[in-house]
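**Q** Fold the following and give me the result.
(2 chains)
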Amino acid sequence: MDWTALSVSLRLAVFTCLLLLPVGLWLGRALATARFRGKPLCEALVALPLVMPPTVLGFYLMQAFGTEAPFGGLWARLFGSGLNFTFTGILIASLVANLPFAVQPIQRAFETVPANLREAAWCSGLSPWQTFLRIELPLVWPGIISALALTFAHTLGEFGVILMVGGAIDGETRTLAIAIYDRVQAFDETGAGIMSAMLLLVSFLTIGVVYGLAGRRRWRRV
Amino acid sequence: MSERIASPGRLTVSLHQAGPIPLAADFHCEAGELLALVGPSGSGKTTLLRAIAGLYRPAGGRIDCGGEAWFDAARRLSLPPQGRRVGLVFQDYALFPHLTALGNVMVALDHLPPRERRRQATAWLERVHLAGLEARHPARLSGGQRQRVALARALARQPRVLLLDEPFSAVDQVTRRRLQRELAMLREQIRIPIVLVTHDLDEAAALADRLCVLHGGRSLQAGPPDALFRRPVSAEVARVLDRHNLFAGEVVEEGGERRLAWGPWRLEVAAGLESLPVGERVTWYLPPSDVVLHRRGRPSRGERENPVRARVDSLVVLGGVTSVALAFEHTERTLGFEIATHAARRNGLARGEEVQVSLLAAGIHLMGAETPPATTRTTG
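**A** All right, here's what the predicted structure looks like:
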């Protein structure tokens, strides 16, 4: 059992969830409530990682992370090192790959909140920020939970993008999914089997906890 | 509790814009008064209400409440909804589904310390007859109960204006009557302007002190319901108010007296003819209540007043009341009125029968050199 790989996987999943949550809330709410000309284009861009083969996405990210590319070069100048084959690199890749999983459930949830609830809150004296925290957030809670669950589970299982961007550096970019592949390559099927079972268990527990949380509501929509 | 409600203040609204929703509305509502905005769908009623609440910002105009400017396009001033203190009851109530009845009302009491908040919210729910239902979520309340929670939430903030957007449209008839009675009683206790948006003319007439008739975003006429129904200022107002007895006539002089020429008849009119020049073409209106059917073989009230002969065009029995439409030879328009169904039977009214009616002079309302109703225009 490769505990280091499990720890890399969990760290990656937790950081991806934490960083994508505010992005998902902001973007999901904006796409649900605002009306602007380029909205279909924005939605298409958000959904793109969903339909692209992971290796293709990974290839483009690898290209962008290279120190000769504008993004990778800027990053290297700012932080002194490149992004390819680093944990930060696979984290950024993971953020991009999981964008649709974080945004779409939250957007769908915001779309079901009637606009006049916001207006009723304003007329009751709540500021826009209080309205968001006390009225909108509790109503979109199930959407947030689904977004987190999908992002977490998808990050744990991500293979193609991580392999392209990160390779398999022990303790840095070798996630559990990649470690399993390595074991199979080395004909260690028992090891691969134990780790697969572990991944299955962790994924199942996460999803179970998360859906348990989402289901705990004492109210329903009118 | 009424003394804790904000001090009285008049609401004046004057909003103008060319589009996207055309507005040309001017009206006011005194503290303690209930003003009903009436008009067909798309007449701008809800838009005006939203503008008062600060949820919609028109291009031009002013909204003042109690001497304070809430909106002034010229000064680029527009207070946010939070700064206006309006109580708004939405058409679908817009209750927060995740909060209990008590929680919904407490949201509007955020400016108070928590314990006081709970105490007042409880008192408000009690006042709208919802004691015991504090812990229920909206999904577990009936339509009428939800409306009451919405009303309690709107009033809890001690608003300076109460706005009601079709508040009775989503409940059944029995509940509607009860809620309307409760609103009428509640009005005794709150001395703030109340603006009610409704498309139900009977409801407006029953509840409001004054009506403001809207069409296409324009305010056409405002006044007490009875005055409006008897004396609409124009054919357009009459149509919005569902008044149909509109006819075209001409001012003539006969034997030294002014008369209204209408087909073969020279009608007496109680007021308004003297100021009009002879030869002037006018549109006139007669309330259905001012049409008196002559009894067969027996003289009745007002028989000598403007007697005209007509043919019964249609009879529609609606329970105890029968709607009668009379046809004339000189116009395509019919004259409508209602009589008790038993009276219609006793008089042997039937389609095609000839009858004689009096058009009471006091009821005839002249609209001056006004565009005649569309149908007469097309039929020449």
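**Q** Just the pLDDT at residue 150, thanks.
**A** By default, I'm working from chain A. For A:Leu150, the model assigns a pLDDT of 89.
**Q** ah, I was thinking of chain B
**A** We have a pLDDT of 93 for B:Ala150.
**Q** same thing with B:Arg75?
**A** Reported pLDDT for B:Arg75: 90.
**Q** Contacts only, for it.
**A** Each residue near B:Arg75 by CB atoms under 8 Å, 6 or more residues apart in numbering or on different chains is listed here: B:Ala69. Using the backbone N, CA and C atoms, a C-beta is placed for each residue, glycine as well.
**Q** What is the burial count for B:Trp151?
**A** In this structure residue B:151 is Leu, not Trp. 25 (other CB atoms under 10 Å in any protein chain shown).
**Q** so it touches B:Phe90, yeah?
**A** No: in this structure, B:Leu151 is not within contact of B:Phe90 by CB atoms under 8 Å, at 10.9 Å.
**Q** Mind listing what's buried along stretch A:10-27?
**A** Residues of stretch A:10-27 classed as buried: A:Leu10, A:Leu12, A:Ala13, A:Phe15, A:Thr16, A:Cys17, A:Leu19, A:Leu20, A:Leu21, A:Gly24, A:Leu25, A:Leu27 (neighbour count, 16 or more other CB atoms under 10 Å in any protein chain shown).
**Q** among those residues, which are in strands?
**A** Counting by DSSP state E, those place none of their members in strands.
**Q** Sitting in helices, which of those residues do you find?
**A** Mapping the buried residues of stretch A:10-27 onto helices (DSSP state H) picks out A:Leu10, A:Leu12, A:Ala13, A:Phe15, A:Thr16, A:Cys17, A:Leu19, A:Leu20, A:Leu21, A:Gly24, A:Leu25, A:Leu27.
**Q** For the lowest-mean-pLDDT helix or strand in chain A, list every residue counted as buried.
**A** Of all helical and strand segments in chain A, the minimum by mean pLDDT, DSSP states H and E falls on helix A:189-215, at a mean of 86. The neighbour-count check on helix A:189-215 (16+ other CB under 10 Å) flags A:Gly191, A:Ala192, A:Met195, A:Ser196, A:Met198, A:Leu199, A:Val202, A:Ser203, A:Thr206, A:Val210, A:Ala214 as buried.
**Q** so which helix or strand takes in B:Leu260?
**A** Using DSSP states H and E, B:Leu260 sits within strand B:257-262.
**Q** Sorry, slip of the keys, the one I care about is B:Gly103.
**A** Using DSSP H and E, B:Gly103 falls in helix B:101-107.
**Q** How about residues contacting that helix?
**A** In contact with helix B:101-107 (CB under 8 Å, 6+ apart) are residues A:121, A:124-126, A:134-135, B:95-96, B:99, B:117-118, B:121-122, B:124-125, B:130, B:133-138, B:141, B:145, B:149, B:152-153, B:156.
**Q** Ok, stretch B:347-361 next?
**A** B:267-270, B:286, B:290-296, B:302-315, B:322, B:324, B:326, B:335, B:337, B:339.
**Q** about what we covered before: ok, so of the buried residues of stretch A:10-27, who is nearest chain B?
**A** Within the buried residues of stretch A:10-27, proximity to chain B (CB to the nearest CB) peaks at A:Leu25, which comes in at 17.3 Å.
**Q** Setting aside sequence neighbours, what's the nearest residue to that closest one?
**A** Residue nearest to A:Leu25 in three dimensions, not counting chain neighbours: A:Ile106, with 6.0 Å by CB to CB, 6 or more residues apart in numbering or on different chains.
**Q** need the contact list for the one you found.
**A** With CB under 8 Å, 6+ apart, A:Ile106 has these contacts: A:Gly24, A:Leu25, A:Leu27, A:Gly28, A:Arg29, A:Val140, A:Gly143, A:Ile144, A:Ala147.
**Q** Show me which helix or strand of chain B is least confident by mean pLDDT.
**A** For chain B, judged by mean pLDDT, DSSP H and E, that is helix B:374-379, with a mean of 34.
**Q** returning to that earlier point: and the helix or strand following the strand holding B:Leu260, which strands flank it?
**A** Counting by DSSP H and E, the next helix or strand C-terminal to strand B:257-262 is strand B:265-267. Looking at strand B:265-267 with DSSP bridges, its partner strands are strand B:257-262 (antiparallel).
**Q** in the strand it pairs with, what counts as buried?
**A** Neighbour count says strand B:257-262 has B:Arg258, B:Arg259, B:Leu260, B:Ala261, B:Trp262 buried, by 16+ other CB under 10 Å.
**Q** Is B:Gly143 in contact with B:Thr175, as I believe?
**A** Yes: with contact defined as CB under 8 Å, B:Gly143 reaches B:Thr175; the gap is 6.5 Å.
**Q** Name the helix or strand for the closest residue to B:Val105 other than its chain neighbours, please.
**A** Computed as CB to CB, 6+ apart, the closest residue to B:Val105 that is not its neighbour in sequence is B:Ala121, at 4.0 Å. Taking DSSP H and E as the criterion, B:Ala121 maps to helix B:114-127.
**Q** check whether the following helix or strand past that helix contacts chain A.
**A** Proceeding N to C from helix B:114-127, the next assigned helix or strand is helix B:143-156, under DSSP H and E. Yes: counting by CB under 8 Å from any CB of the partner chain, contacts between helix B:143-156 and chain A involve B:Arg146, B:Arg153, B:Ala154.
**Q** mind listing what residue 51 touches?
**A** Going with chain A. With contact set as CB under 8 Å, 6+ apart, A:Val51 has no partners.
**Q** oops, I was thinking of chain B
**A** Per CB under 8 Å, 6+ apart, neighbours of B:Ala51: B:Val13, B:Leu15, B:Arg57, B:Pro58, B:Ile63, B:Phe71.
**Q** Quick one: residues in contact with the strand or helix carrying the first one.
**A** Applying DSSP H and E as the criterion places B:Val13 in strand B:11-17. Contact with strand B:11-17 is made by B:23-29, B:48, B:51-52, B:58-66, B:161, B:193, B:195, as judged by CB under 8 Å, 6+ apart.
**Q** Just the buried ones among the residues you listed, please.
**A** With burial judged by 16+ other CB under 10 Å, the buried subset of the contacts of strand B:11-17 is B:23-25, B:27-29, B:48, B:51-52, B:58, B:61-66, B:161, B:193, B:195.
**Q** just checking, which of those residues belong to strands?
**A** Going by DSSP E, the strands hold B:23-25, B:27-29, B:61-65, B:161, B:195 from the buried ones among the contacts of strand B:11-17.
**Q** if we can go back for a sec, could I have the buried ones of the contacts of stretch B:347-361 as PyMOL selection syntax?
**A** Only the buried entries of the contacts of stretch B:347-361 go into this PyMOL selection, using 16+ other CB under 10 Å:
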select buried, chain B and resi 267+268+269+286+290+291+292+293+294+302+305+306+308+310+312+315+322+324+326+335+337+339
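**Q** out of the contacts of stretch B:347-361, which are inside strands?
**A** Reading strands off these with DSSP E, I get B:267, B:291-293, B:307-315, B:322, B:324, B:326, B:335, B:337, B:339.
**Q** ok, the residue in the stretch 151-300 of chain B positioned nearest to chain A - contacts?
**A** Per CB to the nearest CB, B:Arg157 is where the stretch 151-300 of chain B lies closest to chain A, at 5.9 Å. For B:Arg157, the contact set (CB under 8 Å, 6+ apart) comprises A:Ser124, A:Gly125, B:Arg85, B:Gly87, B:Ala108, B:Leu109.
**Q** Neighbour-wise, give me the winner out of the residues of helix B:143-156 next to chain A.
**A** Using other CB under 10 Å as the neighbour test, these are led by B:Arg153, with 32 neighbours.
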